[in-house]
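**Q** dropping the sequence and predicted coords here.
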Amino acid sequence: MMTRIVMKRMAQALGVMVLGGLGNAVAGPVVTQWGYSADARFVDSRFSGSTGEILVSDSELSWGSDAYFQRSNSLWGWLFGTGQMVTPDFRQPSADAEHNRSALTIGNGVTNDLTGGGPAVGSVATVVDGSADDAAEIGVGTSLTHWNNRLSSRYSTLEWGRVATSLTLTPELPASGASIDTRTLDFEFFFKETANQGTCAGDSTNPCPDLFGLLAVQTLDIPFLYDGNEYLVSLLLQDASGGVAPIATLHEEECAALGLGAGCQGFRTAEAQATTFQFAFAVSTEALFPPVAANPVQSVPLPAPLGLIGGGLLAAGLSRRLGRRGRQGVAKTRVGEDGSRPGSP
């Protein structure tokens, strides 16, 4: 009896060794360059009331003044009421808060368009030395711009929204391969139109910046498997000079103003300016951000850094999982981690 048990355990151990050896043997070469297509669109939004004109599309949420009649400044205009209809444009604000519009738009970091949406298409090299310090190792995707114009307090404003993002990766080097289509991932954000006067939340000074807060999502070193090799994707913000950094954390008082808990991630946008958040991403073979650095607690920089979705929010889409594929001439792909969809507010 003992002999049978010993033989059975030896056979099981041998099987594990053989399978382990086979697993290592079938792992393909490390992908050193990927083609990518990054996209994003607004899928939901909420505004405070319905005063003024609210416009909603896949790449634009805008609010404020609707078209108005502008009387001619000539004597003829004053005597006979002649003039023209004017449609306010958030890209060309005036000094009149009654006749302005503000907006949140999705643009394309590759083409440098701040409106119109994606997809942003390009190639990105895999980081294999643990440091994304080469421009070729940064994938640039779509962008998000807040056109923060002065508005009359009587107008409805944006309060909340949801962005659906996606990223497709296609192996290019050392050999081409089948595309990896990530599942769509929704990101919820909360928006606070702050008063231009009075005490500002956190350490900001007047005029108070408007605030965006994101529900907690994993953004750094998100694992996935391709052809037997593990890779990590990190969502980053890119500045005007091409440098990248993780999304930072808002001040505790700013999180509270947004109705979110302490340590929320988010952005500040300066009054009477257009602030662009440029998201970027990196694919690596090892962690770029150790646990200690994965959750930086600091204030968010103000403008240029973020022309947004430079692949940004899209990269995090990999946290949901990568689609499974058969291995008949196609590398097997599976997700290393599942990200749950946050609930509506």
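**A** Yep, that arrived. Just so we're clear, the structure is a prediction, and the values are computed from it rather than from any experiment.
**Q** hmm, Ser94 is touching Val86, no?
**A** No. Ser94 sits out of contact with Val86 when judged by C-beta atoms under 8 Å, with a separation of 9.4 Å. The way it works is simple: take the backbone N, C-alpha and C, and place the C-beta from them, glycine included.
**Q** any low-confidence regions in the stretch 101-250 of the chain?
**A** Within the stretch 101-250 of the chain, the segments meeting pLDDT under 70 span 182-186, 196-197, 216.
**Q** what are the ranges of the strands in it?
**A** Secondary structure of the stretch 101-250 of the chain (DSSP state E, counting those that start in this stretch): strands located at 101-108, 120-125, 139-148, 158-173, 180-181, 185-192, 210-214, 222-226, 229-238, 244-245.
**Q** Serialize those strands to a markdown table and add fields for distance to Phe267 and mean neighbour count.
**A** Listed next are those as a markdown table, based on distance: least, C-beta to C-beta, whole Å; neighbours: other C-beta atoms under 10 Å:
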| stretch | distance to Phe267 | mean neighbour count |
| --- | --- | --- |
| strand 101-108 | 11 | 25 |
| strand 120-125 | 19 | 20 |
| strand 139-148 | 8 | 28 |
| strand 158-173 | 13 | 21 |
| strand 180-181 | 29 | 18 |
| strand 185-192 | 9 | 21 |
| strand 210-214 | 5 | 24 |
| strand 222-226 | 21 | 20 |
| strand 229-238 | 9 | 23 |
| strand 244-245 | 13 | 20 |
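**Q** distance to Val283 for these - can I get that in CSV?
**A** Output for the strands of the stretch 101-250 of the chain, formatted as CSV (distance: least, C-beta to C-beta, whole Å):
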stretch, distance to Val283
strand 101-108, 20
strand 120-125, 6
strand 139-148, 7
strand 158-173, 7
strand 180-181, 11
strand 185-192, 17
strand 210-214, 22
strand 222-226, 9
strand 229-238, 6
strand 244-245, 13
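**Q** of the ones you listed, which is nearest Arg46?
**A** strand 158-173 (4.4 Å; C-beta to C-beta).
**Q** who does that closest one touch, helix- and strand-wise?
**A** strand 33-47, strand 60-64, strand 101-108, strand 139-148, strand 180-181, strand 185-192, helix 312-315 (3 or more C-beta pairs under 8 Å, 6 or more residues apart in numbering; DSSP states H and E).
**Q** Throw these into CSV and include distance to Ala120, thanks.
**A** CSV is the format used below for those (distance: least, C-beta to C-beta, whole Å):
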stretch, distance to Ala120
strand 33-47, 5
strand 60-64, 17
strand 101-108, 5
strand 139-148, 4
strand 180-181, 16
strand 185-192, 16
helix 312-315, 8
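**Q** out of the ones you listed, which is closest to Thr269?
**A** Nearest to Thr269 among those is strand 139-148; the distance by C-beta to C-beta comes to 4.4 Å.
**Q** could you check the angle the closest one makes with strand 120-125?
**A** Taking axes from the mean of the first three to the mean of the last three C-alpha atoms, to 10 degrees, one finds strand 139-148 and strand 120-125 inclined to each other by 130 degrees.
**Q** list the helices and strands strand 139-148 packs on?
**A** Applying 3+ C-beta pairs under 8 Å, 6+ apart, we find strand 139-148 packed against strand 33-47, strand 101-108, strand 120-125, strand 158-173, strand 210-214, strand 273-284, helix 312-315.
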